[in-house]
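Student: Based on what follows, work out the 3D shape:
(one chain, ligands or ions: 2)
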Amino acid sequence: MNNGCVVRPYRAGLDNWIQLGCEEPGMPIAGGYRAKKATMKKIEAIIKPFKLEEVKDALAEVGIEGMTVSEVKGFGRQKGHTEIYRGSEYTVDFLPKIKLEIALPDDKADTAAEAITKSAKTGKIGDGKVFILPVDNVIRIRTDEKGEEAI
Ligand SMILES: Nc1ncnc2c1ncn2[C@@H]1O[C@H](COP(=O)(O)OP(=O)(O)OP(=O)(O)O)[C@@H](O)[C@H]1O
Ligand SMILES: [Mg+2]
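Tutor: Ligands and ions are numbered 1, 2, ... in the order given. Coordinates of the predicted model:
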């Protein structure tokens, strides 16, 4: 069970599920259902602030329909220091970063992640990370459209 939906593994691996039906009015559960694969992902990418325009343009080129951008602070394995030296090992400095959040169809996730890594890379420490997460559902508030149609 997953959020009221019945799912079973489609192939080996956590990524591939067939959704048998949801326990919602009008959605038949088992028998007469239409098997449907979960097909959406969310990319959360942390990048250097000065790279935002370049990354945005690269994502527009691969057809991304929407995104959310936030100013955030964070640290990675250098703990915000450009060098680790005696005495700074146990202190942490948060550095300003930009977080992008993008919901997208499964089959666009790799292309979008590649667009981000290529455009955000400087080759120096602190370039950031791309996290790719599964998404159960998306709802467009204005129309009540759901799933990929709502992206
Ligand atoms: N494990 C993590 N979980 C959540 N956010 C992270 C994590 N690692 C890094 N971040 C975020 O990404 C930003 C940039 O991380 P950064 O690129 O310095 O990672 P790193 O692992 O130290 O790699 P590098 O050695 O290239 O610097 C951080 O400031 C933080 O906001
Ligand atoms: Mg780092």
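Student: Going by C-alpha atoms from here, please, whenever you check contacts or count neighbours.
Tutor: Noted.
Student: Would you map out the domains in the protein?
Tutor: According to automatic domain parsing, the chain comprises the domains 1-38, 40-134.
Student: what is the rounded mean pLDDT of the first one?
Tutor: What it means is domain 1-38. For domain 1-38, mean pLDDT is 46.
Student: Same check on stretch 112-119?
Tutor: pLDDT averaged over stretch 112-119 gives 98.
Student: ok, and for it, which residues are buried?
Tutor: By neighbour count on 16 or more other CA atoms under 10 Å, the buried set for stretch 112-119 is 112, 113, 115, 116, 117, 119.
Student: what's in contact with the longest strand along the chain?
Tutor: Using DSSP state E to define each element, the chain has its longest strand at strand 95-105. Contacts to strand 95-105, defined as CA atoms under 8 Å, 6 or more residues apart in numbering, come from residues 39-49, 52, 64, 66-75, 80, 135, 148, 151.
Student: Write out the residues of the protein neighbouring ligand 1.
Tutor: 46, 73-78, 95, 125-129 (CA under 6 Å from any ligand atom).
Student: could you flag which of those residues are buried?
Tutor: By neighbour count, with 16+ other CA under 10 Å, those hold 46, 74, 75, 76, 126, 127, 128, 129 as buried.
Student: SS state for the first one?
Tutor: Assigned with DSSP: H, G, I helix; E, B strand; the rest coil, residue 46 falls in the strand class.
Student: Pull the contacting residues for it.
Tutor: 97, 98, 99, 100, 128, 129, 130 are the contacts of residue 46 under CA under 8 Å, 6+ apart.
Student: before we move on, the earlier item: so the longest strand of the chain, near ligand 2 or not?
Tutor: No - Strand 95-105 does not reach ligand 2 (CA under 5 Å from the ion); its nearest approach is 10.0 Å.
Student: export the residues of the chain next to ligand 1 to CSV and tack on secondary structure and pLDDT?
Tutor: CSV is the format used below for the residues of the chain next to ligand 1 (DSSP: H, G, I helix; E, B strand; the rest coil; pLDDT from 0 to 100):
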residue, secondary structure, pLDDT
46, strand, 98
73, strand, 97
74, strand, 96
75, coil, 95
76, coil, 94
77, coil, 92
78, coil, 87
95, strand, 95
125, coil, 94
126, coil, 95
127, coil, 97
128, strand, 98
129, strand, 98
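Student: Please consider this matter closed, and thank you.
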